[in-house]
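In: sequence unknown, structure follows:
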């Protein structure tokens, strides 16, 4: 108890967007332009090139997800992950659960989405991982930096942020 007052204050868990998004409109291809990557025994995207996330809404309401990238370089080995997404917050459609390995699910929060559904930021509640994505493999000057600033405003530590090389 003596040292409790010395601990750094914890940030509250992130919350997803508090506005409804059109789930059908969100589906499709997203280029991963930047990320605070996952690197664990199930997945390692820490050295991804040409990373792409694709979503497809299934008839049963689940989200078929395909994440592909080249590992280590543009000519590196192709990698693919295919988790299943489940809409957790059906009021807004902005909080999902991703299942990479049954029966475990991870929270996946849509934190930012522009009005044209062209740029998004997705993250996890404890701010350990995040993805900056767009419908195109590159953004006009200043747009990527604005998304990085939004990530910082949301309380992410940008030390681990990596810009994902895209060349198509």
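Out: Structure's in. What do you need? Bear in mind the structure is a predicted one, so any value in this text is a computation, not a measurement.
In: how about the strands in the chain?
Out: For the chain, strands defined by DSSP state E occupy the ranges 28-36, 48-57, 63-71, 78-81, 84-87, 95-101, 104-113, 119-123, 130-134, 162-163.
In: possible to save the ones you listed as a markdown table with distance to residue 146, mean neighbour count and mean pLDDT?
Out: Yep, even glycine has a C-beta here, placed from its N, CA and C like the rest. Below are the strands of the chain laid out as a markdown table (distance: least, Cβ to Cβ, whole Å; neighbours: other Cβ atoms under 10 Å; pLDDT from 0 to 100):
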| stretch | distance to residue 146 | mean neighbour count | mean pLDDT |
| --- | --- | --- | --- |
| strand 28-36 | 12 | 20 | 98 |
| strand 48-57 | 20 | 18 | 98 |
| strand 63-71 | 24 | 18 | 96 |
| strand 78-81 | 28 | 12 | 94 |
| strand 84-87 | 26 | 17 | 97 |
| strand 95-101 | 24 | 18 | 92 |
| strand 104-113 | 10 | 19 | 94 |
| strand 119-123 | 9 | 23 | 98 |
| strand 130-134 | 10 | 23 | 98 |
| strand 162-163 | 14 | 13 | 97 |
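In: okay, now the residue lying closest to residue 95 once chain neighbours are set aside: neighbour count?
Out: In this structure, residue 95 finds its nearest non-sequential neighbour in residue 89, 3.8 Å apart by Cβ to Cβ, 6 or more residues apart in numbering. A total of 17 residues lie near residue 89 under the criterion other Cβ atoms under 10 Å.
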